[in-house]
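Chemist: My questions are about this predicted structure, shown below with the sequence.
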Amino acid sequence: MATNRTFTMLKPDSLEKGNTGAILEKINAAGFKIVAMKQTRMSKAEAKAFYAVHSERPFFGELVLYMTRGPIVAAILEKENAVEDFRTLIGATNPDEAAEGTIRKLYAASIGENAVHGSDSDENAAIEGSFHFSGREIF
Ligand code: UDP
Ligand code: MG
C-alpha cells in the first residue's frame, strides 16, 4: 500500500447508533478518497490478531468483546499525509480529551467505545489494510 493511505474501522457502536453515514460524510468532507470499503464482522480470533499489540493491556478482553459484538465498516482511505491527517480528524483516543469537531468528540461514548479506528503509522496502515482487504477489493 502506498504511504498516502490509511486504514479505518467504524466500530460497532457507530453502526449501532446509526452514525455510519454522518461519519463517512465527515471523512469525505475532510478530503479522503475511499479506495476500499466493506461492512463485515470480526471473529474473536480476528480481533485478537488485529489488536495483538495490546494483548498484555488490562483492557484487551473488553476491547475484543466490543469489537466483535456487531458489524464494523472497514475502509482504506487515500489522501496526502493520510495517516497523520486522519488521526487529527478522529481526535484523541479518549473523547474527553478529543478536540472540538473531531469524530471521537462528536460520536464516541468513552475511551473504550470510541467510534472509530485510525492507523498510527504508514507501516501499520499497510498491515491493517491487508488484514481486511484483498488486492482486488482495493481501487
Ligand atoms: N482502549 C481502551 N482503553 C484504553 C485505551 C484504549 O479500551 O485505556 C481501546 C480503544 O477502543 C482504543 C483501542 O483500545 O481505540 C486501541 O488503543 P490505542 O491506544 O491504539 O488507541 P487508538 O490508536 O485507537 O487511539
Ligand atoms: Mg492505535
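Modeler: That came in fine, so what should we check first? Ligands and ions are numbered 1, 2, ... in the order given.
Chemist: Could I get the pLDDT score of the residue nearest to the spatial centre of the chain?
Modeler: Of all residues in the chain, the one closest to the mean position by CA atoms, centre = their mean is His117, 2.3 Å from it. Here the pLDDT value assigned to His117 is 98.
Chemist: Okay, and the nearest residue to it once chain neighbours are set aside sits in which element?
Modeler: Spatial nearest neighbour of His117, excluding adjacent residues (CB to CB, 6 or more residues apart in numbering): Met9 at 4.1 Å. Using the backbone N, CA and C atoms, a C-beta is placed for each residue, glycine as well. Taking DSSP states H and E as the criterion, Met9 maps to strand 5-10.
Chemist: how about the helices in this protein?
Modeler: In the chain, the helices defined using DSSP state H lie at 12-16, 20-29, 44-50, 60-68, 82-90, 103-107, 122-132.
Chemist: end to end, how far does stretch 79-96 reach?
Modeler: As for stretch 79-96, its first-to-last residue distance stands at 27 Å under the measure CA to CA, to the nearest Å.
Chemist: That stretch: how far from the chain's middle?
Modeler: On the basis of CA atoms, centre = their mean, to the nearest Å, stretch 79-96 sits 10 Å off its chain's mean C-alpha point.
Chemist: Next, count neighbours for the nearest residue to Arg41 once chain neighbours are set aside.
Modeler: Of all residues not flanking Arg41 in the chain, Pro71 sits nearest, at 4.6 Å (CB to CB, 6+ apart). Using other CB atoms under 10 Å, Pro71 is surrounded by 17 other residues.
Chemist: Does Pro71 touch Leu15 like I think?
Modeler: Yes. Counting by CB atoms under 8 Å, Pro71 does reach Leu15; the two are 5.6 Å apart.
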